[in-house]
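Asker: Sharing a model that was predicted from the sequence below.
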Amino acid sequence: MMHTQMIKLPQMWNPDAAAKNLISRYLEFGDFQSPAMVFYVGLPRNYLIWHSFVEEFKSSAGSLHIVLEVFKELHGKGMVFDSEGYSVVLKFCTREMDLWLGMEIHGCLIKRGFDFDVYIRNALMNFYGRCWGLEKAHQVFHEMPNPESLLWNQAIILNLQSEELQTGVELFRKMQLSFLKAETATIVKVLQACGNMGALNAVKQIHGNISSYNSMISGYAALGFLNDAWNLFYELKSYDMKPDIVTWNCLLSAEGFKPNQISMTSILQAISELVFLNLGKEAHGYVLRNGFDYDVYVGTSLVDMYVKNHSLTSAYAVFNIMKNKNIFAWNSMVSGYCFNGMFEDALKLLNQMENEGIKPDLMTWTGLISRYAMKGYGKEAMTILQGNKSLGLTPNVVSWTALISGCSQAGNGIDSLKFFVQMQHEGVSPNSATITCLLRACAALSLLQKGKEIHCFSIRRGLIEDVFAATALIDMYSKSGSLKNAHNVFRKIQNKTLASWNCMIMGFAIFGLGKEAISVFDEMQKAGFSPDAITFTALLSACKNSGLINKGWKYFDSMITDYGINQQLEHYCCMVDLLGRAGYLDEAWDLIHSMPLKPDATIWGALLGSCRIHKNLEFAESAAKNLFNLEPNNSANYILMMNVYSISNRWEDVDRLRDLMSTAGVKNRQGWSWIKINQRVHVFSSDGKPHPDSGEIYSEMYQLVSEMKKPGYVPDIDCVYQNMDEAEKEKILLSHTEKLAITYGLIKMKAGEPVRVIKNTRICSDCHTAAKYISLVKTRELLIRDGVRFHHFREGKCSCNDFW
């Protein structure tokens, strides 16, 4: 009806707005062919329009293949396209890897004389480079008599992306000799290539002048890599090169210059992201001294800066004196209160907002939904979302994703999955951000089958092309015990990010595959990525879980010497754990006392765990003393120390710790393990109700232990810290939750099917030994995810090589 009116009364409609509106309406009804028709016929075809159309089309679960089919139909009926139209269709061909249609279009372009258009030529180079190989792309490039800078940049980037580093750098040199300007992204990629090739002189030539630095600093800042931008700034000064006004504007710094209101808004936004409260206060002082506080955008940025720096009192003080508050200031303040759990204050502010005649928008409510969910109030968040409808607001994919993400971050993954189902029932299509949140929820719960279902759903909807969703998929498969699938997904990502590499390194780390993790790290560097602190956490975890002491020291030392990254507590924790478990307790002790940071509970916990393995009472008591002060209510620390005492038959000290726990009101943490069989989760708890099939489980387990003892299994009674005879201790070992879950899996699952068990605490040494023997006598793969890592048992061996 609407489309008919537009055709009959064209003078009544803005053609571009009408076309966009039509596309949205058709997509809402699940019609994908009609919006493609409207796109080709009714819209100007430039990059922004094209990008907007692709995003909207894909978010509605449409396939670009349909768009190409519509093009073929229109082209076959004689519709004439201009150069921009062909350029856009070539982009579609590239994304869909439609090799033959792209070549047909090239033929049409030659016939119509469009092939010398610079944008057409750029699209052709990209198409051939990605679909047919570099040689074809080079041919298109060299056929142009005097290539413009756009084509030079494209040729360089295509070569560097294909790891033809030498050719890419050589093209860059030729481009400079042609007095053409390289784009910032090109310069950054060439610098990375030079670094990988060890081409120091080439790096100096590229860096050589202030304008090159300014281009790179501006590029890093624009892309959000603020730390890299500042590092380049300090490098510039170290070469005795003086920053100019452009440098300072790029960095949005107040040093030596006078930013205006617009600059101050950007500075405050940068400070918000960096979480530099003291610098934010200095910027606030500058705002007041220069009378910028009257500006609504500066005021809003100040509120947001204080909120994100967790200084709500200052945020409200600025907010309260603002004369003309805009919706963004209100939203930031409401969000800040909710984030800090001050929901009553947030609701009061909402009432005040309405009293002052400002109507909360969808973003206001979405912020509220997100914060409620993140604080564990999923049901309340859902109530707010549903309440939007009565206010005339329709919750969209952003609202639902905020709810799902908040629940996932709060550890309520099951709620995330339930809300996803409800979201679909209400006709809201998920986007890649939604999928990313769901995969994180599955990863946290090790829900492999559910994760696979979401993977399939993503493929059908074309959402898995998003690199963030693909990275979340790697994490899900790794944490759900399917490292092979994780690696397959990783290999298929075309434009990997640093997060993708880090995730894969950590995947190998949690399985104790240190050499494989190091191999990925080396490959990452060859691809031009510089590691960050997270990379080294993953790398050191891999070394820790594999007992690679020399490699661990090498990477730990290289953080500062080679990469300028300061070690944080998590890096020291990995080293203390690595040294301690290998028996180098003196070295671990020295490292703790020489580190520039104050040791936290993770450091002392790593040392105490190592002391239990090597039965070192002296260091254990020192570690425990620190832990009791830092975490007085953590029962795991008391139990671990009891275990150390029981191994040494210090039963009076065991009783003393029990009394200490009782006096302090510390409750023993409930241990549990669960296994999923036929879509049903079976939980085995240390102090919960017995499983309905307990009789059958224990009967099977007694028989299993008898089988295991034949090849050499001996129960490790040191894992029992009660003072009783050995026979009683052996009985207690049988009640460990992971043994019960494994045994139940052997009873109920199909022969040969891997048994997957999830446990909330670290596996004890007896259960670890028992799992090895079970995998041997039953010829069965066992995968146990404990509170720290994965153990993959097969043919009597564990992937950790007994270094855990």
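Answerer: Received it, and whenever you're ready, just let me know what you need. Predicted model, so just to flag it, every value in this text is computed and none were measured.

Asker: So for Trp604, what's the pLDDT?
Answerer: Note on Trp604: pLDDT of 96.

Asker: what about it, helix or strand, and which?
Answerer: Trp604 belongs to helix 601-614 when assigned by DSSP states H and E.

Asker: If we go by neighbour counts, what in that helix is buried?
Answerer: 601-613 (16 or more other Cβ atoms under 10 Å). C-betas here are computed from N, CA, C, even on glycine.

Asker: How far off centre is it?
Answerer: Relative to the centre of its chain, helix 601-614 is centred 29 Å away, using Cα atoms, centre = their mean, to the nearest Å.

Asker: From the contact counts, what lies against it?
Answerer: Where contact means 3 or more Cβ pairs under 8 Å, 6 or more residues apart in numbering; DSSP states H and E, helix 601-614 is packed against helix 569-581, helix 585-594, helix 617-630, helix 635-647.

Asker: still on that earlier bit, list just the nearest of the buried residues of helix 601-614 to Asp522.
Answerer: Ala606 (26.8 Å; Cβ to Cβ).

Asker: just checking, that closest one touches Gly580?
Answerer: Yes. Counting by Cβ atoms under 8 Å, Ala606 touches Gly580, with 6.2 Å between them.

Asker: any shared contact partners between the two?
Answerer: Ala588 (Cβ atoms under 8 Å, 6 or more residues apart in numbering).

Asker: returning to that earlier point: and the helix holding Trp604, C-alpha only, in PDB?
Answerer: Output of helix 601-614 as PDB, limited to C-alpha atoms (Å, rounded to 0.1, in the frame of the first residue of the first chain):
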ATOM      1  CA  ALA A 601      45.400 -13.800  47.200                       C
ATOM      2  CA  THR A 602      46.100 -15.400  43.800                       C
ATOM      3  CA  ILE A 603      49.900 -15.200  44.300                       C
ATOM      4  CA  TRP A 604      49.700 -16.700  47.800                       C
ATOM      5  CA  GLY A 605      47.200 -19.300  46.700                       C
ATOM      6  CA  ALA A 606      49.500 -20.400  43.900                       C
ATOM      7  CA  LEU A 607      52.300 -20.800  46.400                       C
ATOM      8  CA  LEU A 608      50.100 -22.700  48.900                       C
ATOM      9  CA  GLY A 609      49.000 -25.100  46.200                       C
ATOM     10  CA  SER A 610      52.600 -25.800  45.300                       C
ATOM     11  CA  CYS A 611      53.500 -26.400  49.000                       C
ATOM     12  CA  ARG A 612      50.800 -29.000  49.200                       C
ATOM     13  CA  ILE A 613      52.300 -30.900  46.300                       C
ATOM     14  CA  HIS A 614      55.900 -30.700  47.700                       C
END
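
Asker: What are the contacting residues of it?
Answerer: 569-570, 572-573, 576-577, 579-581, 583, 585, 588-589, 592, 616-617, 619-620, 623-624, 626-627, 630-631, 634, 637, 640-641, 643-644, 647, 762.

Asker: got the angle between it and helix 617-630?
Answerer: If you take axes from the mean of the first three to the mean of the last three Cα atoms, to 10 degrees, helix 601-614 sits at 150 degrees to helix 617-630.

Asker: could I get the buried residues of helix 601-614 as JSON lines with distance to Ala741?
Answerer: What follows is the buried residues of helix 601-614, written out as JSON lines (distance: Cβ to Cβ, whole Å):
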{"residue": "Ala601", "distance to Ala741": "29"}
{"residue": "Thr602", "distance to Ala741": "27"}
{"residue": "Ile603", "distance to Ala741": "32"}
{"residue": "Trp604", "distance to Ala741": "31"}
{"residue": "Gly605", "distance to Ala741": "25"}
{"residue": "Ala606", "distance to Ala741": "27"}
{"residue": "Leu607", "distance to Ala741": "30"}
{"residue": "Leu608", "distance to Ala741": "27"}
{"residue": "Gly609", "distance to Ala741": "23"}
{"residue": "Ser610", "distance to Ala741": "27"}
{"residue": "Cys611", "distance to Ala741": "29"}
{"residue": "Arg612", "distance to Ala741": "24"}
{"residue": "Ile613", "distance to Ala741": "24"}
